[in-house]
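In: Fold the following, please.
(one chain, ligands or ions: 1)
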Amino acid sequence: MRDRLETLADAARRDITVASEVSAVEALRIRYLGKKGELSGVLGGMGKLPPEERKALGEVANQVKTEIEKLLAEALRRAEEAALEAELKGPRLDVTLPGRAVTPGSRHPVSRTMEEIVRTFARLGFEVAVGPEIELDYFNFEALNLPKDHPARDMQDTFYVDEASLGHVQKADSPVLLRTHTSPVQVRYMLARKPPVRVVVPGRVYRRDSDITHTPMFHQVEGLLVDKDVSFAELKGTLDAFVKAFFGSDTRTRFRPSFFPFTEPSAEVDISCTSCGGKGCRICKMTGWLEVLGSGMVHPNVFTSSGYDPREVTGYAFGMGVERIAMLHYRIDDLRMMFENDARFLEQF
Ligand code: PHE
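Out: Numbers count the residues shown, from 1 in each chain. A predicted model of the protein is given here:
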């Protein structure tokens, strides 16, 4: 039995010195000193021994137990130190490091410009209105005094919506299309409200165009002011005020006679070149002027379609292309950049 105790002690010394993890040390403690462990196993037979032998053996057993306990305690300390060491060597949390910056997104130049245009008119007392991008031929053309054979209605220019693709949606009396301008909202707004009217309408418009200076979708801001005795002079004054507020107070305006079916008289508005100030450069093609707006006095037929009496009210309307204004404003020379979503371009705004 004494031999068995010695063998047990040897095995325990060997096992415990090589145990390097806390869990391994704990397993050895259970294996050697546990209730059903090796030492209990050896001592189980002690009861049958004569008393003197039992006493002597008991002393040896106690020595072995004490030694194993000591070895286990040392092994546990070593294992815990090693674990701490490993943790300190690994990835550490350095609370003094500067924070990682979050890169916020930015507004697209077209959105920024559109907001800025709307804000400028808001300061002049205009409210904001919107209308549908999928529109009826009636509002896009008919109600705006565009005769049936007007070239703008041509399939060449307009995206028509295949009525069959509308599915269960109730068929309209009028063909369905993607609006080619924001002007149909003039009619929709007047049908819904009584005069006076003072609104700007930002939104997307669509045309069957695609080349380096035209995209099939682009943005416009429409304006409409209706009241008693509104004059062409007010149109000129308002647009001149807008241009000076938006492009700078030294920007000049020029009104050129033009034609739109829904305004009479009509004018195209040029501004003095934002690049050369009017001396002539590549941007203005040496003319000193840039065309930025279509405008005019609301045609009596448009009032009639909108439920207003043209003998009671007059008004003016205007429309501008947002991409073009954004390009002038930010000095972007290629329209396609607006739609490529290249982060190197977008993050500059
Ligand atoms: N709707 C016209 C266009 O798209 C612009 C315009 C609006 C002209 C209002 C006159 C009045 O070109």
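In: can I assume E21 is in contact with E80?
Out: No: between E21 and E80 there is no contact under C-beta atoms under 8 Å: 9.7 Å. C-beta here means a position set from N, CA and C on the backbone, and glycine is covered the same way.
In: So which bits of the chain are right by the ligand?
Out: Residues of the chain lying close to the ligand (C-beta under 6 Å from any ligand atom) are 181, 183, 222, 260, 263, 294-296, 317-319.
In: Which ones among these map onto strands?
Out: 222, 260, 263, 294-296, 317-319 (DSSP state E).
In: Longest helix in the chain, please.
Out: Longest helix in the chain by number of residues (criterion: DSSP state H): helix 51-89.
In: Would you mind listing the buried residues in the helix or strand just after that helix?
Out: Next along the chain after helix 51-89, taking DSSP states H and E as the criterion, comes helix 109-123. Within helix 109-123, the residues scored as buried using 16 or more other C-beta atoms under 10 Å are 109-110, 112-114, 117-118, 120-121.
In: next one: stretch 17-25
Out: Buried, per 16+ other C-beta under 10 Å, within stretch 17-25: 19, 24-25.
In: Over to stretch 305-325?
Out: Neighbour-count burial for stretch 305-325, counted by 16+ other C-beta under 10 Å, picks out 305-306, 308, 313-325.
In: Check stretch 230-250 too.
Out: Judged by neighbour count using 16+ other C-beta under 10 Å, the buried positions of stretch 230-250 are 230, 234-236, 238-240, 242-247.
In: do stretch 280-293 as well
Out: 283-284, 288-293.
In: Tell me the gap between the helix or strand of the chain with the lowest mean pLDDT and the middle of its chain.
Out: Lowest on mean pLDDT, DSSP states H and E among the helices and strands of the chain sits helix 38-43, with a mean of 82. How far helix 38-43 lies from its chain's middle: 72 Å, per C-alpha atoms, centre = their mean, to the nearest Å.
In: Pop out the phi and psi values for the spatially most central residue of the chain.
Out: For the chain, G105 is the residue whose C-alpha lies nearest the centre (C-alpha atoms, centre = their mean; 6.6 Å). Dihedral pair for G105: phi -70, psi 170, per degrees, to the nearest 10.
In: Distance check, it against the ligand.
Out: Distance, G105 to the ligand, using C-beta to the nearest ligand atom, to the nearest Å: 30 Å.
In: Could you check how far that residue is from G37?
Out: Noted for G105: a distance of 65 Å to G37, by C-beta to C-beta, to the nearest Å.
In: same thing with I68?
Out: 10 Å.
In: Who has more neighbours out of those two?
Out: The residue with more neighbours, out of I68 and G37, is I68; 23 against 16, by other C-beta atoms under 10 Å.
In: which residue sits closest to that one, ignoring its sequence neighbours?
Out: Leaving aside its chain neighbours, I68 sits nearest to A12 (4.9 Å; criterion: C-beta to C-beta, 6 or more residues apart in numbering).
In: Please apply the same query to V22.
Out: Closest to V22 by C-beta to C-beta, 6+ apart is A79, at 4.6 Å.
In: From what I see, that neighbour and T17 are in contact.
Out: No: using C-beta under 8 Å, A79 is not in contact with T17, being 11.7 Å away.
In: shaky segments in the stretch 151-300 of the chain?
Out: Along the stretch 151-300 of the chain, segments meeting pLDDT under 70 span 155-156, 168-170.
In: ok so, going back, if we only consider the buried residues of stretch 230-250, which is nearest to the ligand?
Out: L235 (9.7 Å; C-beta to the nearest ligand atom).
In: Are we agreed that that closest one is in a helix?
Out: Yes: L235 forms part of a helix when assessed by DSSP: H, G, I helix; E, B strand; the rest coil.
In: Run a quick check on it versus S295, I expect a contact.
Out: Yes: L235 is within contact range of S295, at 6.1 Å (criterion: C-beta under 8 Å).
In: residue of the stretch 101-250 of the chain with the smallest distance to the ligand?
Out: H181 (3.4 Å).
In: what about that residue, neighbour count?
Out: By other C-beta under 10 Å, neighbour count at H181 equals 23.
In: Okay, it and K70: tell me how far apart.
Out: From H181 over to K70 (counting by C-beta to C-beta), the distance is 94 Å.
In: one step back: which residues are common contacts for L235 and S295?
Out: Shared contacts of L235 and S295, defined by C-beta atoms under 8 Å, 6 or more residues apart in numbering, comprise 267, 316, 318.
In: Run a quick neighbour tally on the first one.
Out: So that's A267. 24.
In: which SS class is it?
Out: Using three-state DSSP, the structure places A267 in strand.
In: who touches it in this structure?
Out: So A267 contacts 235, 255-258, 295-296 (C-beta under 8 Å, 6+ apart).
In: Buried ones only from those residues, please, as a ChimeraX command.
Out: A single ChimeraX command selects the buried members of these (16+ other C-beta under 10 Å):
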select :235,255,295,296
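In: Quick check: of the contacts of A267, which lies closest to R207?
Out: Closest approach between these and R207, by C-beta to C-beta: S258, at 18.4 Å.
In: Quickly find the element holding that closest one.
Out: S258 is part of strand 253-260, with elements assigned from DSSP H and E.
In: Since that was my last question, I'll sign off now.
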